[in-house]
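1. After the sequence you'll find the predicted model.
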Amino acid sequence: MLFAARTHVDRVVMEAFAEAVDEMDEGPAKELMDQVCSLYALASIEEDRAWFLEHGRLNTTRSRAVTAQVNTLCQQLRPHVSTLVDALGIPDGLITAPIAQV
């Protein structure tokens, strides 16, 4: 039941996110948000890939491709981490982990 609820929320968030990106003016901000949107979708699939594999919705080759694409998107978004964190309004005091330091 919890899996179904979380999956439903993921779908609703993904649809709203994709719609908001589609409505943005063309430019670097839209391109960046499109990458973030793709990362959100693929990371959700990756997180639940066992279910997708078990139910024949994904094969092992595509499962590996999803993970590879998640890793690629993370690498591509790395230079924009400060911009993304600033856009979320996260206070500096909460960003204390060594990995968060640019």
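-> Arrived safely.
2. ok, now which ones touch Ala87?
-> Ala87 makes no contacts at all, as judged by CB atoms under 8 Å, 6 or more residues apart in numbering. C-beta coordinates here come from the backbone N, C-alpha and C atoms, glycine included.
3. name the element it belongs to?
-> Here Ala87 sits within helix 81-88, counting by DSSP states H and E.
4. so how far is that helix off the chain centroid?
-> 14 Å (CA atoms, centre = their mean, to the nearest Å).
5. Can you give me the buried ones in that helix?
-> For helix 81-88, a neighbour-count test (16 or more other CB atoms under 10 Å) marks nothing as buried.
6. Who are the packing partners of the longest helix along the chain?
-> Using DSSP state H, we find that the single longest helix of the chain is helix 2-23. If contacts are counted by 3 or more CB pairs under 8 Å, 6 or more residues apart in numbering; DSSP states H and E, helix 2-23 sits against helix 28-47.
7. List the buried residues of the helix it packs on.
-> The neighbour-count check on helix 28-47 (16+ other CB under 10 Å) flags 32-33, 35-46 as buried.
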